[in-house]
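In: For reference, the sequence and a predicted model appear below.
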Amino acid sequence: MAAGLLVSARGVSRRYDDMLVLDRIDLDIRDGEFVALLGPSGSGKSTLLRIVTGLMDPSAGEVLYRGQPVSGPCPHAAMVFQTFALYPWLTVVENVEIGLKASGIALRERRDRAARLIDLVGLDGFEDAYPKELSGGMRQRVGFARALAVEPELLCMDEPFSALDVLTAENLRSELLDLWADHRIPTRSVLMVTHGVEEAVFMADRIVVLSHNPARVVADLAVTLSRPRNRKHAAFLSMVDRVYKVVTEAAEPARRPTAAARAAVPPRQPAAVPEAGGDREDQSRRPDGQRHRYTRLPHAAIGMLSGLLELVADRGGRDDLYRLGSELLLEVDDLLPVTEAAGLLELANVQEGDLCLTALGKAFAEAGVVERKRIFAAQIARIPLFAVIRRVLEGKRSHTMPREFFTDLVTEDFGETEAQAQIDTAIGWGRHAELFAYDRTSEEFYLEDPEGTADLPGSAEDTGDAGTS
């Protein structure tokens with residue numbers, strides 16, 4: 001084993017039914033490192049975290065802890081969860097010492113250890129309180145104390161600050177970093193899942209970026225900024241911008257803009273930081289190597305898409321995604337579905353961390369409601385799922401079809417849970433475009449005006465570009 005290597009994941013893959021979630025992940029965590037896992041929502045970050053701690057088995061590959069295979073829960077690792085996960089019928093001190101009790105530690109020792117940690121995380125005086133009596137920040141402090149009570153060498157955290165208000169989260173981040181930097185806790189290394197680019201740059205020594213569908217490591221970035229880190233410092237902002245570029249490029253859909261769309265993008269000003277990232281994998285293939293029949297729809301709200309394109313149009317057709325996210329108080333996970341949708345519809349694309357409108361995107365942003373709807377309808381009608389829905393509805397005598405039929409069609413590509421989400425998004429987009437209607441009571445798709453569909457995008461007479469891919 002390499003000197004100082006605490007955890008080594010080699011070729012780790014994980015399947016759920018027929019869906020490949022993690023694909024041959026390699027990850028090393030060394031003694032003394034704080035590593036952040038970053039990637040789009042649903043990219044398998046939490047799944048990887050659970051495999052590293054031994055709470056879940058990989059479908060392929062292995063995890064080694066100090067050179068020994070991890071089989072079952074790793075005794076040297078502890079987890080802090082996003083949703084506190086406290087036992088409501090136990091007091092603070094009982095929640096903190098529960099792991100010690102399960103390990104057979106004597107009552108006197110576990111009470112002493114729990115008391116020290118409760119004091120360390122700032123909850124002295126609340127030992128006998130129940131979780132319902134505590135604020136969200138206090139409950140998460142209990143979660144940290146419980147994890148630290150077993151004196152883990154590796155502390156794993158699954159978005160530990162996301163359920164807290166901004167000020168409480170910032171306070172807890174700083175306190176945890178102080179405890180770790182001052183060696184007041186026994187933890188040697190930290191592995192944290194986050195969806196916040198700024199949070200990753202603020203806390204971590206390394207940022208590992210995952211793609212999705214399935215998850216692969218697309219970047220492993222060293223954060224060399226000295227501590228404590230100043231969020232307003234130019235070097236910090238430059239690093240955040242660099243990570244944003246990598247994350248947005250990792251999440252960009254496989255559909256590439258047309259030559260005409262690329263030519264319409266305004267030139268970028270000289271970049272402040274070097275470009276990071278690498279070649280993108282082909283996300284249009286299923287785990288079995290066959291091509292997807294259906295393009296994955298980003299779960300983006302149409303109002304958000306329209307508003308973002310308007311904002312970028314007002315700024316000359318190009319703007320920095322990190323700046324947009326900061327201004328709108330949105331994390332990268334909130335922006336990515338919208339930018340993916342803009343790319344899929346050929347209204348915009350991401351270049352070097354900027355959202356760039358195409359000529360069609362500019363026309364969309366400047367158009368009125370009716371013209372926007374026409375453009376939107378024309379673009380989604382060329383997406384395989386919408387083309388199939390229209391063909392089926394037009395071909396049936398009743399012009400209706402149960403939701404279950406279309407859900408079953410896409411389940412092979414996306415799995416049961418995501419298939420339902422894909423159909424929900426398709427319903428929202430299709431109804432907005434007036435390509436079809438949907439009855440939520442009967443759960444049926446139908447055409448409101450079947451006799452007037454011939455001139456609509458995606459109708460039986462206008463499907464030349466709507467074939468499957």
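Out: Everything's here; your move.
In: how about the nearest residue to G99, chain neighbours excluded?
Out: V150 (4.6 Å; CB to CB, 6 or more residues apart in numbering). Every residue, glycine included, has its C-beta placed from N, CA and C.
In: so how far is L86 from the one you found?
Out: Look at V150 and L86: by CB to CB, to the nearest Å, they are 16 Å apart.
In: swap in R293?
Out: To L86, R293 is 45 Å away according to CB to CB.
In: With neighbour numbers in mind, choose between those two.
Out: Between R293 and L86, L86 has the larger neighbour count (other CB atoms under 10 Å), namely 22 against 15.
In: looking at it, that one is touching G143, isn't it?
Out: Yes - using CB atoms under 8 Å, L86 is in contact with G143, at 6.8 Å.
In: Check which residues of the top helix by length along the chain are buried.
Out: Looking across the chain with DSSP state H, the single longest helix is helix 403-433. Residues of helix 403-433 classed as buried: 403, 406-407, 409-415, 418-419, 421-423, 425-430, 432-433 (neighbour count, 16 or more other CB atoms under 10 Å).
In: Next up, the contacts around Q420.
Out: Applying CB atoms under 8 Å, 6 or more residues apart in numbering, one finds that Q420 lies in contact with T407.
In: Quick one: name whatever helix or strand follows the helix or strand of the chain with the lowest mean pLDDT.
Out: Using mean pLDDT, DSSP states H and E, the weakest-scoring helix or strand in the chain turns out to be helix 259-263, at a mean of 39. Next helix or strand after helix 259-263 toward the C-terminus (DSSP states H and E): helix 302-314.
In: can you give me phi and psi for I207?
Out: Dihedral pair for I207: phi -120, psi 120, per degrees, to the nearest 10.
In: I'd guessed it sits against L38; true?
Out: Yes - shown here, I207 and L38 form a contact pair, counting by CB under 8 Å, at 5.5 Å.
In: Which helix or strand contains E94?
Out: helix 92-96.
In: What lies in contact with the helix or strand that comes right after that helix?
Out: The element immediately downstream of helix 92-96 (helix or strand, assigned by DSSP H and E) is helix 98-102. Applying CB under 8 Å, 6+ apart, the external contacts of helix 98-102 come out as 78, 87, 90, 109-110, 113-114, 146-147, 149-150.
In: which ones among those are found in strands?
Out: A78 (DSSP state E).
In: quick one on the thing from earlier: return the distance of the helix holding E94 from the chain's centre.
Out: Mean-position distance between helix 92-96 and its chain equals 32 Å (CA atoms, centre = their mean, to the nearest Å).
In: which helices and strands does that helix pack with?
Out: Secondary-structure packing of helix 92-96 (3 or more CB pairs under 8 Å, 6 or more residues apart in numbering; DSSP states H and E): helix 107-120, helix 136-149.
In: These: which one's closest to V52?
Out: helix 136-149 (14.4 Å; CB to CB).
In: Show me the shaky parts of the stretch 101-250 of the chain.
Out: 250 (pLDDT under 70).
In: nearest residue to F376 other than its sequence neighbours?
Out: Nearest to F376 is A433, by CB to CB, 6+ apart, at 5.2 Å.
In: for D28, that is, sorry about that
Out: S8 (5.3 Å).
In: Quick check: phi and psi on that neighbour?
Out: Main-chain torsions, S8, degrees, to the nearest 10: phi -140, psi 110.
In: Need the pLDDT of it.
Out: What the model reports as pLDDT for S8 is 94.
In: List the residues that contact it.
Out: Counting by CB under 8 Å, 6+ apart, S8 touches 1, 27-29, 63-64, 67.
In: Columns secondary structure, neighbour count and pLDDT on top of those, output as a markdown table?
Out: Converted to a markdown table, these look like this (DSSP: H, G, I helix; E, B strand; the rest coil; neighbours: other CB atoms under 10 Å; pLDDT from 0 to 100):
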| residue | secondary structure | neighbour count | pLDDT |
| --- | --- | --- | --- |
| M1 | coil | 10 | 45 |
| L27 | strand | 21 | 95 |
| D28 | strand | 18 | 95 |
| I29 | strand | 24 | 95 |
| V63 | strand | 23 | 95 |
| L64 | strand | 16 | 94 |
| G67 | coil | 10 | 90 |
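In: Now flag whichever of those is closest to G353.
Out: Looking across these and measuring by CB to CB, the closest to G353 is L27, at 24.5 Å.
In: what's the closest non-adjacent residue to the closest one?
Out: Distance criterion CB to CB, 6+ apart; nearest residue to L27, sequence neighbours excluded, is A9 at 4.2 Å.
In: close enough to count as contact, the residue nearest to F376 and V370?
Out: No - counting by CB under 8 Å, A433 does not reach V370; the two are 11.9 Å apart.
In: re the thing from before, pretty sure the residue nearest to L27 belongs to a strand, no?
Out: Yes - with DSSP: H, G, I helix; E, B strand; the rest coil as the criterion, A9 is located in a strand.
In: Correct me if wrong: it contacts V52.
Out: Yes - A9 lies in contact with V52 (CB under 8 Å); the separation is 6.4 Å.
In: Tell me the residues that contact both of the two, please.
Out: 27, 63.
In: who has more neighbours, those two?
Out: Taking neighbours as other CB under 10 Å, A9 and V52 compare with V52 leading, 27 against 21.
In: From V12, how far out is the more buried one?
Out: With CB to CB as the criterion, V52 and V12 are 8 Å apart.
In: returning to what we had before: give the bridge partners for the residue nearest to D28, please.
Out: Beta-bridge pairing of S8 under DSSP bridges involves D28, L64.
In: can you give me the helices for the stretch 101-250 of the chain?
Out: Using DSSP state H, counting those that start in this stretch, the helices of the stretch 101-250 of the chain run over residues 107-120, 136-149, 166-181, 197-203, 234-251.
In: Give me the angle between the third one and helix 107-120.
Out: Taking axes from the mean of the first three to the mean of the last three CA atoms, to 10 degrees, helix 166-181 and helix 107-120 form an angle of 120 degrees between their directions.
In: Packing partners of helix 166-181?
Out: helix 136-149, helix 197-203.
In: got these as CSV, with mean neighbour count and distance to P160 columns?
Out: Listed next are the helices and strands packed on helix 166-181 as CSV, based on neighbours: other CB atoms under 10 Å; distance: least, CB to CB, whole Å:
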stretch, mean neighbour count, distance to P160
helix 136-149, 23, 6
helix 197-203, 24, 10
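In: one step back: between the contacts of S8, which sits nearest S211?
Out: L27 (14.1 Å).
In: Could you double-check that the closest one lies in contact with V209?
Out: No - in this structure, L27 is not within contact of V209 by CB under 8 Å, at 11.7 Å.
In: any shared contact partners between these two?
Out: Contacts common to L27 and V209, judged by CB under 8 Å, 6+ apart, are V217.
In: how about the nearest residue to Y244 once chain neighbours are set aside, what does it touch?
Out: Leaving aside its chain neighbours, Y244 sits nearest to Y322 (4.3 Å; criterion: CB to CB, 6+ apart). Going by CB under 8 Å, 6+ apart, Y322 touches 197, 240-241, 244, 353.
In: Sounds good, over and out.
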